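A.B. asks: when you get a sec, could you give me coordinates for this:
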Amino acid sequence: MSEYNEPLFRKILTMIKHAKSLWNQETFRQNSYGSSCGTTCCIAGWAVTLTHGEYVPITDQESPYSGTWVLPGGYGNFNMETEGKNLLGLTWNEVDKIFYYITDDSVLVETDEDGYETSPPVTYNQMVYRIMEVTGLDFSDLLDSEEMEEQERREQLLSLAF
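C.D. replies: Below is the predicted model:
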């Protein structure tokens, strides 16, 4: 069993709960220069950002999917996925279950502008539940009650429709 970094998980989830616009589970890190929301990151991206501070991709393109990054001054090349895994105390199997978590609801599959099928984004509470399920840590105090109420209303409406 891994020794999880509960304080770092808690810090990430608390920040995301209060500023959901800073979270995007589809990208390690994406800068939004000139906008009010700043940088968005996934769980791994925030683990690295909150631990190491600022860092930049070492590839020529500014791809949010680029896996290799460097700290300012050219020190500390690292792979975002591996560094996030290590900082949070996860196994590779747990990385797959948390970093690459998508909703299981095939009813909600959508088609993007390029014709590819996509699942709706994972909600904050879904991610909290997934982290608790995978790690066994208790973050129930960080669940978003407004999101829970909205989900209950949706379920009630769906039950009336069928």
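
A.B. asks: any idea how many residues pack against residue 82?
C.D. replies: Residue 82 sits with 14 neighbouring residues when counted by other CB atoms under 10 Å. Every C-beta, even on glycine, is put in place using the N, C-alpha and C of the backbone.

A.B. asks: in whichever helix or strand it is part of, which residues are buried?
C.D. replies: Assigned by DSSP states H and E, residue 82 belongs to helix 80-88. With burial defined by 16 or more other CB atoms under 10 Å, the residues of helix 80-88 counted as buried are 80, 81, 83, 84, 85, 87, 88.

A.B. asks: and these as JSON lines, adding distance to residue 135 and pLDDT?
C.D. replies: JSON lines is the format used below for the buried residues of helix 80-88 (distance: CB to CB, whole Å; pLDDT from 0 to 100):
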{"residue": "80", "distance to residue 135": "20", "pLDDT": "78"}
{"residue": "81", "distance to residue 135": "17", "pLDDT": "83"}
{"residue": "83", "distance to residue 135": "18", "pLDDT": "86"}
{"residue": "84", "distance to residue 135": "14", "pLDDT": "89"}
{"residue": "85", "distance to residue 135": "13", "pLDDT": "93"}
{"residue": "87", "distance to residue 135": "14", "pLDDT": "93"}
{"residue": "88", "distance to residue 135": "9", "pLDDT": "96"}
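
A.B. asks: list the helices and strands the helix holding residue 82 packs on?
C.D. replies: Packing partners of helix 80-88 (3 or more CB pairs under 8 Å, 6 or more residues apart in numbering; DSSP states H and E): helix 6-18, helix 43-52, helix 92-99.

A.B. asks: got the CA coordinates for the helix of greatest length in the chain in CSV?
C.D. replies: Longest helix in the chain by number of residues (criterion: DSSP state H): helix 145-161. This file holds the C-alpha atoms of helix 145-161, laid out as CSV (Å, rounded to 0.1, in the frame of the first residue of the first chain):
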residue,chain,number,x,y,z
SER,A,145,-22.9,20.7,-1.1
GLU,A,146,-24.3,23.0,-3.9
GLU,A,147,-23.1,20.5,-6.5
MET,A,148,-24.7,17.7,-4.5
GLU,A,149,-28.1,19.6,-4.4
GLU,A,150,-27.9,20.2,-8.1
GLN,A,151,-27.2,16.5,-8.8
GLU,A,152,-30.2,15.6,-6.6
ARG,A,153,-32.5,18.0,-8.6
ARG,A,154,-31.2,16.5,-11.9
GLU,A,155,-31.9,12.9,-10.7
GLN,A,156,-35.4,13.9,-9.5
LEU,A,157,-36.2,15.4,-13.0
LEU,A,158,-34.8,12.3,-14.7
SER,A,159,-37.0,10.1,-12.5
LEU,A,160,-40.1,12.1,-13.5
ALA,A,161,-39.2,11.7,-17.2
